[in-house]
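> Predicted model and sequence below, questions to follow.
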Protein chains: 2
Amino acid sequence: MINLRRIDLNLLSLLITVHDTGSVSAAGQALGLSQPATSNALGRLRLALNDKLFVRGPGGMEPTALTARIVPEIRLHLEGLSDALTLPTVFDPNTSQRVFRTALSGLGEQIFLAPLAERVFSLAPGVRLSNVSSPFDDLNRTLTQRHADVALGLLPQQGRHLRQTHLFNEDYRVIAPPSLTQEQVATLDLKRSRLILVVPSATFADDIEQVVAEHGLADNIYLRMRHFGVLPELLSTIDTLAIVPGQFARRLAAANQATLLDIVLPRGRQKVLMVWHVNSDADPACIWLREVICDLFQDPELRG
Amino acid sequence: MINLRRIDLNLLSLLITVHDTGSVSAAGQALGLSQPATSNALGRLRLALNDKLFVRGPGGMEPTALTARIVPEIRLHLEGLSDALTLPTVFDPNTSQRVFRTALSGLGEQIFLAPLAERVFSLAPGVRLSNVSSPFDDLNRTLTQRHADVALGLLPQQGRHLRQTHLFNEDYRVIAPPSLTQEQVATLDLKRSRLILVVPSATFADDIEQVVAEHGLADNIYLRMRHFGVLPELLSTIDTLAIVPGQFARRLAAANQATLLDIVLPRGRQKVLMVWHVNSDADPACIWLREVICDLFQDPELRG
DNA sequence: GCAGGTTTATCATGAATCTGAATATTCTTT
DNA sequence: AAAGAATATTCAGATTCATGATAAACCTGC
């Protein structure tokens, strides 16, 4: 694994403690060691790192530049180890204070975040969510470096240590202004209507355009948009229909911001996935989160 | 510090190695230990964690549920420790592959990201940037948990372990379409012009509105916007002036997308800060980054 | 600058762990 | 059911680290 074989990891605990107490004796006491043992141990670490590490000064043992630099990093990871060993064996939604981090694109936020937050907060009142979006980063690194617990969306590339679940194939729905009733929309003729096409990402674009073309609707598209934000406003002010990803359509309909047309355009070929890193495979908290997500979003046909 | 005192940290290395090799003997060999010593050490860890940790199976030593859960976490932090000890003492921009993470608001991206990326990439070709924006998170946690190296912007709250540098007080500038020359704009009368006011965040709003009122320009504001994205387009299509934060005005002018008016509205009271966590205080890479940022953005009057 | 007191480093002895080899045990595989 | 292979256990000798006492170094106050 690493060259840590050469260094007694317990010495790093000592380093932190000496740093915090500013005293070798006090550090020894805190660690349950005698003073000579502590001094000796510090000596060993000094030898291993080839640095004085601490020099005596008016304020006690003062860290050298090297020590000051590595102590925060080391403390972080020692606490991480401690957490790893004391973490509860099971995840209890009722009491957990855990922060889950999701990696959602802009579209993902629109589709997933609100229902997910609602469900999570109702099941686990102490849990917090944080969506991270790292424009320059690729998903692989985001997950590998633990900046996110799961990623949701159209995720073509998959690294070697990533696992995935197929949530659904994104379909497309036609929506009408909420002022129209279900009966009224049933009489609408798509080919004679003005259409707004909302295609959130470049990844989607080819797919939906082809679907539209197959239905002979290409000439009816009067407005193409990349974002959903203003769509509800548009729908209620100007009188048009819109073709949008199915998940989003259903959310709008549920909020009475749109009326769904019965016509279902074919399912896209875009697989919407949940992706996570092998690292979090056995984490009870992550398992719980993934179950919540599957329960919320996964197409029943795809479950196994 | 922690209850790690009770556990020999070196045993955790063993845990990982046994997990990876699936064999006690092989793990021992990898760690430079004899087979009995390895077995004994594993026995001690079993006692300490009160779990069998591994059971013999067809594929060698197979991890128990507990082991599977904690191994990824432990591996992460052991590698972190290893990194902390082997990290270069100095930061070399020419060769570094480091990823810097910034915490910028939407406004921050507009103002800071482009010039920062340009400068960083030119000085350090191998370095990568990643802007993180965590809607649910507060800045404090973002910095404390190392999800960002620095935060830039209007940052009122400051936790106990955060340090900050005052970069500048945001001022406001009036800009005109780029089609107008410097001579032409000199003759413009603000009070007779239509004005667009771009106020990026709620934090800014009161401040700039007051400045505008003090100049008797309140009635000239024909459009208020929250985002900068479409401003260049607006400026060149409809014939108006705009009041925008100074940093943004200068960037537009530099890109020939606007002409600056000489009039400088008073400095705002909003301090734009760079904030970072004590943890990264001594990290040479972060020191370098902060210097770059100060060099780029800090008001010369505020340096010391 | 020197004495006093505190803290750190050094030195022998003793406890714990590792090595090496040999053996018992347990599980997989044929 | 038996062979095969790996893990667990045992023992003496060697190494390493901790202990308790001592020596050296350092900060503080005069």
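Done, it's in.

> separation between the closest residue to residue A:195 other than its chain neighbours and residue A:187?
Spatial nearest neighbour of residue A:195, chain neighbours left out: residue A:220 (4.6 Å); criterion: C-beta to C-beta, 6 or more residues apart in numbering or on different chains. Backbone N, C-alpha and C define where each C-beta goes, glycine included. Residue A:220 sits 17 Å away from residue A:187, going by C-beta to C-beta, to the nearest Å.

> still on that earlier bit, OK, contacts around the residue nearest to residue A:195?
By C-beta atoms under 8 Å, 6 or more residues apart in numbering or on different chains, the contact set of residue A:220 is A:190, A:191, A:193, A:194, A:195.

> Quick check, the first one in contact with residue A:215.
To tie it back to what came earlier, the one meant is residue A:190. Yes. Residue A:190 is in contact with residue A:215 according to C-beta atoms under 8 Å; the separation is 7.4 Å.

> quick one, longest helix in chain A?
The single longest helix within chain A, with elements called by DSSP state H, is helix A:65-86.

> Can you name the residues in contact with that one?
Applying C-beta under 8 Å, 6+ apart, the set of residues contacting helix A:65-86 is A:12-13, A:15-16, A:19, A:49, A:51, A:53-54, A:63, B:1-4, B:7, B:9, B:12, B:49, B:70, B:73-74, B:76-78, B:80-81, B:83-85, B:87, B:89, B:146, B:278-284.

> Give me the buried entries from the residues you listed.
A:12-13, A:15-16, A:19, A:49, A:53-54, A:63, B:1-2, B:4, B:7, B:9, B:12, B:49, B:70, B:73-74, B:76-78, B:80-81, B:84-85, B:87, B:279-280, B:282-284 (16 or more other C-beta atoms under 10 Å in any protein chain shown).

> Contacts only, for residue A:243.
Going by C-beta under 8 Å, 6+ apart, residue A:243 touches A:172, A:173, A:174, A:175, A:195, A:196, A:197, A:198, A:208, A:212, A:217, A:265.

> secondary structure class for it?
strand (DSSP: H, G, I helix; E, B strand; the rest coil).

> what's the answer for residue A:95, then?
For residue A:95, the secondary-structure state derived from three-state DSSP is coil.

> Tell me how many other residues surround it.
Residues lying near residue A:95 (other C-beta atoms under 10 Å in any protein chain shown) number 12.

> likewise the one 5 residues further on?
When neighbours are defined as other C-beta under 10 Å, residue A:100 has 22 of them.

> Check whether it sits in a helix, strand or coil.
Three-state assignment for residue A:100 (three-state DSSP): strand.

> next structured bit after the helix or strand bottoming out on mean pLDDT in chain A?
Ranked by mean pLDDT, DSSP states H and E, the weakest helix or strand in chain A is helix A:106-108, scoring a mean of 68. Per DSSP states H and E, helix A:106-108 leads on to helix A:114-123 as the next helix or strand towards the C-terminus.

> List the buried residues of that following helix.
Neighbour counts over helix A:114-123 (16+ other C-beta under 10 Å) mark A:115, A:116, A:117, A:120 as buried.

> For the closest residue to the first one other than its chain neighbours, give me its contacts.
To tie it back to what came earlier, the one meant is residue A:115. In this structure, residue A:115 finds its nearest non-sequential neighbour in residue A:296, 5.8 Å apart by C-beta to C-beta, 6+ apart. Residue A:296 is in contact with A:115, A:116, A:119, counting by C-beta under 8 Å, 6+ apart.

> Residue A:296: which element?
Residue A:296 belongs to helix A:284-297 when assigned by DSSP H and E.

> Return the set of buried residues in that helix.
In helix A:284-297, counting by 16+ other C-beta under 10 Å, buried: A:284, A:285, A:286, A:287, A:288, A:289, A:290, A:292, A:293, A:297.

> and if you look at stretch A:64-72?
Buried positions in stretch A:64-72, judged by neighbour count with 16+ other C-beta under 10 Å: A:66, A:67, A:69, A:70, A:71, A:72.

> That stretch and DNA strand C in contact?
No. Applying C-beta under 7 Å from any atom of the strand, one finds stretch A:64-72 separated from DNA strand C by no less than 12.1 Å.

> Briefly note if that stretch comes near DNA strand D.
No. Contact of stretch A:64-72 with DNA strand D (C-beta under 7 Å from any atom of the strand) is absent, the minimum separation being 13.9 Å.

> Could the C-alpha coordinates of that stretch be exported in PDB?
As requested, C-alpha coordinates have been extracted for stretch A:64-72 and formatted as PDB (Å, rounded to 0.1, in the frame of the first residue of the first chain):
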ATOM      1  CA  THR A  64       8.500  24.100  13.000                       C
ATOM      2  CA  ALA A  65       7.300  25.100   9.500                       C
ATOM      3  CA  LEU A  66       7.000  21.400   8.500                       C
ATOM      4  CA  THR A  67       5.000  20.600  11.600                       C
ATOM      5  CA  ALA A  68       2.700  23.500  11.100                       C
ATOM      6  CA  ARG A  69       2.100  22.400   7.600                       C
ATOM      7  CA  ILE A  70       1.300  18.800   8.200                       C
ATOM      8  CA  VAL A  71      -0.500  19.000  11.500                       C
ATOM      9  CA  PRO A  72      -3.900  20.100  10.100                       C
END
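
> Let's see the pLDDT reported for the residue most central in space within chain A.
The centre of chain A sits closest to residue A:102, judged by C-alpha atoms, centre = their mean, with a distance of 1.4 Å. Looking at residue A:102, its pLDDT is 87.

> Looking at the residue in the stretch 151-300 of chain A that DNA strand D sits nearest to now. What's its pLDDT?
Using C-beta to the nearest atom of the strand, the single residue of the stretch 151-300 of chain A nearest to DNA strand D is residue A:282, 20.9 Å away. What the model reports as pLDDT for residue A:282 is 84.

> Before we go further, it is sitting in a helix, right?
No. Assignment of residue A:282 by three-state DSSP gives coil, placing it outside any helix.

> What strand or helix carries the most far-flung residue of chain A relative to its centre?
Centroid-distance maximum for chain A: residue A:36 at 48.4 Å, with C-alpha atoms, centre = their mean. If you go by DSSP H and E, residue A:36 is part of helix A:35-49.

> Fine, thanks again, bye for now.
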